[in-house]
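[1] prediction below, plus the sequence it came from.
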Amino acid sequence: MSARETGGRVFLGMSGGVDSSLAAALLLEQGYDVRGIYMRNWSRDLPGFRCPWADELADAERVAVTLGIQLDVWDCEAEYKATVVDYLVDSYARGYTPNPDVMCNQTVKFGTFAQRAFAEGADYVATGHYARVRHGKDGRPAQLYRACDEHKDQTYFLWRVDGHVFNRALFPVGDIQNKAEVRRMCAERGLGIENKPDSDGICFIGPVGLRTFLLDALERRSGDVVEWETGKVLGHHDGAFLFTVGQRRGLNLGGGPARYVVSTDTQENVVYVTADRDCPALWTTELSLEDCRWIAGEAPAAGSYLVRTRHTGTLRRAHVEPAGEGSCHLALDEPMRTVAPGQSAVVYDGLACLGGGLIART
Amino acid sequence: MPAQPAMSTPPAASSMPAHEAYLDYAAATPMDPQVVQAMLPYLSERFENPSAPYARARQARVALEEARATLAHLIGARPGNVVLTAGATEANNLAFAATDGPVLVDAIEHESVLACAQARGAVVVPVTSDGRVDPRDVQAALTSEVTLVSIELANGEIGTIQPIREIANVVAAERDRRLRNGERTPLYLHADASQAAPVLSVNVSSLRVDLLTLSAAKLYGPKQVGLLWAADGVPLRPLVRGGGQESGVRSGTENVAGAVAFARALQLASELRAQEARRLAQLRDQLERSLREQIPWMITPGPRSAARRLPGLLSVSFPGLEARRLVVLLERQGVSVGTGSACAASRMRVSHVLQAIGLSEEEAAGSLRITLGRPTTSDDIVYAAQAIVACVHEECQRVGLDAQTGGRS
């Protein structure tokens, strides 16, 4: 890549975590001119949980000082609230189980952030994502590949990003063997961050938990827990929006066998459950996708591909049949556990992430 | 999306700095060894619950009441008017709970006062560019519905000392007017004196307030220990209910050790106050001079006149530089300073105080709050000045500012 030699300008999203910190060091070593940006997405304190973003910023700042690069704070709260937080709440209200990270990557990191970076003169944007990208020649969209470290690969969260944006994206940690290596490389460079714990969960909800967050945002509404096979009322819940397909915990049915959520009806406010792990409603061989996006800009040819329905989840072989209007049909070679509507199904051709869709309600 | 972990790691201890200088005494003070000594027995062998019936518990009660009497004496009050709380924030909340109806505050109050005020439909009076509340503004804004006026005795971020006695005159005049007109709406004056107490007299009768907040944490005592003094006739209403301790105003087993420590801390502060105020003012001026010599374009928000500001506080701004970054650079030199008040900093908003005195965004972003305390020595100041100058010059070079003029080079 020629920008490497000429020292292209990179705007790097820095979170104060291990991955983006190492990314900063690696980009500098590769000869890029790096400017760090801390995206402030969410700063509201929830009851019982102080949003740690100021501490995260301080960590990012320490790394920036060590490396001698500029770090700026960009306020992305409005965008984040509208497209991630409100989307999350609205999806749950309608009985879907969304992946907010997918939306954040599309609309904030590779949306607002990337646009502003390019407008301010960036040649590239970079993040600490575990993914690899091959830039397209002659204006063709880039191709996205799974990271070297399959246990950390984050392409599941990147499928909605346009390949043309990836043409100007860099993922410096995507080539590293594993997280231990990332930490070792951080230590080697004196970034002082190598012992920082991995983050997980939805950042703006944190340890408060999704249930508390949703009950704060949506109205508690008592409804029935109904046995799927018999229609018998087994108990009550605080709102069907709190439940997701396959869920076992939090049903509060007062003893008896473990029961699983088969489906939820947020209109009628009913949660259907079964005690039978082999209940046919808990298994599927077909998935309908809606709101599909393809990194190449157009759907792949119908055929056999690999499909994943959760972050770093099993890659299953399926026949993928794109249909009109952003929909797509998946026929799995082997039956799998039912997936909650709203979750992402991401399609791969070998290592290449092609795109995907949201699982439709059937 | 890399979500945020619950805890972040402490900074790297890459190399030990030559010297350490803690200069954030407005955020927290270390406990004085004498205060620790006074407190220790009540953490172990004298642990009894003051409400229990046996003789040993009675001794704990005596110790608690002696501490209260000492505290009361040192602020010129009677012990029965002192309510012990878990810190100044609670005391401020308790003061606001004393009345219903609208309240009047100024724009640079501590977060705890502003939060109480916002919940109540507050009139917020502006401050001058040096952070001073003009008593005439209070007079103009003081409608016949207002039940509580709350003005901090001294601001912890830019150090402005408020003309509290003149404001007390305004409040007294309005009270007289209501009395003459047969209006029954009560009106009280509250002052948070937490930041002022180490260096200013906090005698309630000379301040002529009705409610006064103090914090042990700013006085080389323990954190989460404070008090609210209320004049006779101010009807305090409990926020914490339970066993009816503190005359029913603040339930919960009394913090005897905390009270004893607080009393000792206030005693020491009262003894040392005059000499400390002088000493800190000299050190602060020494620091300002050294910085100004090397960084002539530095600005110093807050009052010009030494009589109108806290002696140990220096608020500085280096427009064009990021205070966040200076804090990290200084941390590596062993120098701890604040950016705005700790509460505002944790939210990373532009400080409401700096905004209210009309600082531009650039000036506010480049602001450091340097606060000196009892352990601060002249050596600390020499070291800190040299470290700040070095960091500022280094940053100027990095961002392309002329180190001598602060202009774009």
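    That came in fine, so what should we check first? Numbering: from 1, shown residues only, chains lettered A, B, ... in the order given.
[2] which is the next helix or strand following the helix or strand harbouring B:E362?
    Here B:E362 sits within helix B:361-365, counting by DSSP states H and E. For helix B:361-365, the succeeding helix or strand toward the C-terminus, using DSSP H and E, is strand B:367-371.
[3] just the buried positions in that following strand, please.
    B:367-371 (16 or more other CB atoms under 10 Å in any protein chain shown). C-betas here are computed from N, CA, C, even on glycine.
[4] with stretch B:213-233 instead?
    So for stretch B:213-233, counting by 16+ other CB under 10 Å, buried means B:213-222, B:225-231.
[5] what does stretch B:369-384 give?
    Judged by neighbour count (16+ other CB under 10 Å), stretch B:369-384 contains these buried residues: B:369-374, B:376, B:380-381, B:383-384.
[6] of those residues, just say which sits nearest to chain A.
    Here the nearest of the buried residues of stretch B:369-384 to chain A, counting by CB to the nearest CB, is B:R369; it sits at 15.9 Å.
[7] can you pull the contacts of that closest one?
    B:24, B:26, B:157-158, B:313-315, B:337-341 (CB atoms under 8 Å, 6 or more residues apart in numbering or on different chains).
[8] phi, psi for B:A122 please.
    The phi and psi values for B:A122, taken as degrees, to the nearest 10, are phi -100, psi 150.
[9] against B:R241, how distant is the residue nearest the centre of chain B?
    Geometric centre of chain B, nearest residue: B:Q195, 3.1 Å, by CA atoms, centre = their mean. Separation of B:Q195 from B:R241 (CB to CB, to the nearest Å): 30 Å.
[10] quick one on the thing from earlier: and the helix holding B:E362, how far from the chain's centre?
    22 Å (CA atoms, centre = their mean, to the nearest Å).
[11] likewise stretch A:211-227?
    Between the mean C-alpha position of stretch A:211-227 and that of its chain there is a distance of 24 Å (CA atoms, centre = their mean).
[12] likewise stretch B:171-184?
    Taking the mean C-alpha point of stretch B:171-184 and that of its whole chain, the gap between them comes to 31 Å (CA atoms, centre = their mean).
[13] go through the helix holding B:E362 and flag the buried ones.
    Residues of helix B:361-365 classed as buried under the neighbour-count rule (16+ other CB under 10 Å) are B:363-365.
[14] near chain A, anything from that helix?
    No. Between helix B:361-365 and chain A, judged by CB under 8 Å from any CB of the partner chain, nothing touches; the nearest distance is 9.5 Å.
[15] would you map the helices across chain B?
    Listed from the start of the chain, chain B has helices (DSSP state H) covering B:33-39, B:55-74, B:88-96, B:111-118, B:135-141, B:164-180, B:204-207, B:256-294, B:323-332, B:342-347, B:352-356, B:361-365, B:378-399.
[16] before we move on, what about chain A?
    A:2-6, A:18-29, A:53-67, A:77-80, A:86-93, A:100-103, A:114-119, A:163-166, A:179-188, A:210-217.
[17] now mean neighbour count, distance to B:N203 and mean pLDDT too, for the ones you listed, in CSV please.
    Listed next are these as CSV, based on neighbours: other CB atoms under 10 Å in any protein chain shown; distance: least, CB to CB, whole Å; pLDDT from 0 to 100:
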stretch, mean neighbour count, distance to B:N203, mean pLDDT
helix A:2-6, 11, 69, 49
helix A:18-29, 24, 53, 97
helix A:53-67, 23, 38, 90
helix A:77-80, 17, 46, 89
helix A:86-93, 18, 54, 93
helix A:100-103, 23, 56, 94
helix A:114-119, 16, 56, 98
helix A:163-166, 20, 66, 96
helix A:179-188, 16, 56, 95
helix A:210-217, 16, 46, 87
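[18] now tabulate those helices in TSV and tack on distance to chain B.
    Putting the helices of chain A into TSV (distance: least, CB to the nearest CB, whole Å) gives the following:
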stretch	distance to chain B
helix A:2-6	21
helix A:18-29	6
helix A:53-67	4
helix A:77-80	10
helix A:86-93	12
helix A:100-103	4
helix A:114-119	15
helix A:163-166	16
helix A:179-188	10
helix A:210-217	13
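[19] out of the ones you listed, nearest to B:A323?
    Each of these was checked against B:A323 via CB to CB, and the shortest separation belongs to helix A:53-67, namely 10.5 Å.
[20] packing partners for that closest one?
    Using 3 or more CB pairs under 8 Å, 6 or more residues apart in numbering or on different chains; DSSP states H and E as the contact criterion, the neighbours of helix A:53-67 among helices and strands are helix A:18-29, strand A:33-40, strand A:70-75, helix B:323-332, helix B:342-347.
[21] which one of the ones you listed lies nearest to A:V84?
    For A:V84, the closest of the helices and strands packed on helix A:53-67 is strand A:33-40, at 11.6 Å, according to CB to CB.
[22] list the contacts of that closest one.
    Here strand A:33-40 makes contact (CB under 8 Å, 6+ apart) with A:7-16, A:24, A:27-28, A:53, A:56-57, A:60-61, A:63-64, A:67, A:69-77, A:108-109, A:113, A:117, A:122, A:126, B:348.
[23] enumerate every residue touching residue 172.
    Just so you know, I chose chain A. A:22-23, A:26-27, A:30, A:126, A:128.
[24] was after chain B, sorry
    With contacts defined as CB under 8 Å, 6+ apart, the neighbours of B:A172 are B:R208.
[25] mind checking how far it is from B:V125?
    17 Å.
[26] pull out the buried positions in stretch B:69-80.
    Within stretch B:69-80, the residues scored as buried using 16+ other CB under 10 Å are B:69-75, B:77.
[27] where does the prediction get shaky in the stretch 201-350 of chain B?
    Counting by pLDDT under 70, the stretch 201-350 of chain B has low-confidence residues at B:340-349.
[28] residues near the residue of chain A found nearest chain B, how many?
    The nearest approach of chain A to chain B comes at A:G192, 2.2 Å away (CB to the nearest CB). Using other CB atoms under 10 Å in any protein chain shown, A:G192 is surrounded by 20 other residues.
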